[in-house]
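A.B. asks: what follows is a predicted protein model with its sequence.
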Amino acid sequence: MKPRKHKRKESFSVLLISNTGHNSKQYHVTRSCMRLIVVFVLLVCITFGWFTYQYLTGQGNVSIAAGGNENKNQTELQDQIASQQEVIQQLEEEKENLENQNLALTSENKALLEAAKSNMGVGSTEETESAEVPDDDFFPSRYPYSEAGIVTTKYSQDHPYISIETQGEGSIVAAGEGTISTIGSDEGYPLIIEIEHGNGYRTRYMFVQNAEPMYAEGDQVHIGDVLAAIDEQNEQLDYQVIFEDEPIDPLIVFEAKG
């Protein structure tokens with residue numbers, strides 16, 4: 001009979017000693033169990049580390065994407081600001097050009113008025129005394145309303161006349177001696193009266209409300225004559241002065257008369 005060989009099993013003893021007076025306990029753990037425990041702990045650590053890495057990487061990508069979007073928005077905003085600044089600069093340049101043109105036209109109108117006044121003053125004293133009406137009366141310098149009125153809109157390039165709001169009792173009158181050259185109407189004005197004053201001057205009276213003309217085409221009118229009967233107490237009149245076929249500011253004509 002052959003003797004049997006006994007395999008040695010190596011094991012580890014774990015002694016748990018109680019500090020509370022209870023019985024101490026001792027556990028025996030084999031080498032294979034110990035290896036399994038170590039492998040399990042390593043797997044747990046590796047899994048935890050992998051999830052931690054994935055989380056940190058994802059947060060970094062989100063931060064990068066957010067930073068990229070923020071930079072893109074800032075760039076678009078800067079482009080919009082730059083385009084708006086260009087538009088503002090263009091508008092300022094156009095405004096400056098319009099102001100310069102307005103100043104040039106005002107100076108030209110004043111020069112034309114001075115020249116017209118000089119031409120009107122030419123002539124002998126005998127001719128002036130023999131005339132039935134003084135030459136100044138042909139100059140359309142009178143305010144076209146018998147009362148004070150209110151100038152609601154002043155003269156400009158886009159608005160080549162003044163708008164006068166009449167109040168209470170008053171009449172639209174001729175601004176100077178002349179001949180009625182036109183009586184008509186259009187879509188905006190029920191009545192338009194135009195007077196030829198001579199020396200290159202014409203005046204145009206454009207009634208916004210209905211009115212009845214007091215004269216016919218070809219009639220002679222004197223300065224201050226009532227041109228039309230107004231039904232309403234409140235009337236708007238658009239008044240225009242034309243010199244050598246170009247509209248000029250009526251207020252300059254009033255000032256030239258003094």
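C.D. replies: Arrived safely. Numbers count the residues shown, from 1 in each chain.

A.B. asks: where does pLDDT dip in the stretch 101-250 of the chain?
C.D. replies: 109, 115-137, 168, 231-233 (pLDDT under 70).

A.B. asks: and the strands in it?
C.D. replies: 150-153, 162-166, 172-173, 178-184, 191-198, 201-207, 211-213, 220-221, 226-230, 235-243, 246-248 (DSSP state E, counting those that start in this stretch).

A.B. asks: how about the last one, which residues are buried there?
C.D. replies: Neighbour counts over strand 246-248 (16 or more other Cβ atoms under 10 Å) mark 247, 248 as buried. For the C-beta atoms, the positions are set from N, CA and C on the backbone; glycine is no exception.

A.B. asks: paired strands for it, with orientation please.
C.D. replies: Take DSSP bridges as the rule and strand 246-248 pairs in its sheet with strand 235-243 (antiparallel).

A.B. asks: can I get the partner strand as PDB, trimmed to CA atoms?
C.D. replies: Taking Å, rounded to 0.1, in the frame of the first residue of the first chain, the C-alpha atoms of strand 235-243 are listed here in PDB:
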ATOM      1  CA  GLU A 235     -58.000 127.300 -42.000                       C
ATOM      2  CA  GLN A 236     -54.600 126.100 -43.100                       C
ATOM      3  CA  LEU A 237     -52.800 128.000 -45.900                       C
ATOM      4  CA  ASP A 238     -49.700 126.800 -47.600                       C
ATOM      5  CA  TYR A 239     -48.000 130.000 -48.900                       C
ATOM      6  CA  GLN A 240     -45.100 129.900 -51.400                       C
ATOM      7  CA  VAL A 241     -42.900 132.700 -52.900                       C
ATOM      8  CA  ILE A 242     -41.300 132.000 -56.200                       C
ATOM      9  CA  PHE A 243     -38.400 134.100 -57.600                       C
END
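
A.B. asks: which residues touch it?
C.D. replies: With Cβ atoms under 8 Å, 6 or more residues apart in numbering as the test, strand 235-243 has contacts from 109, 112-113, 116, 140, 144-145, 152, 160-166, 172, 175, 189, 200-209, 211, 247-250, 253.

A.B. asks: swap in 6 Å and give it another go.
C.D. replies: Contact with strand 235-243 is made by 112, 140, 144, 161-166, 172, 200-204, 206, 208-209, 247-248, 250, 253, as judged by Cβ atoms under 6 Å, 6 or more residues apart in numbering.
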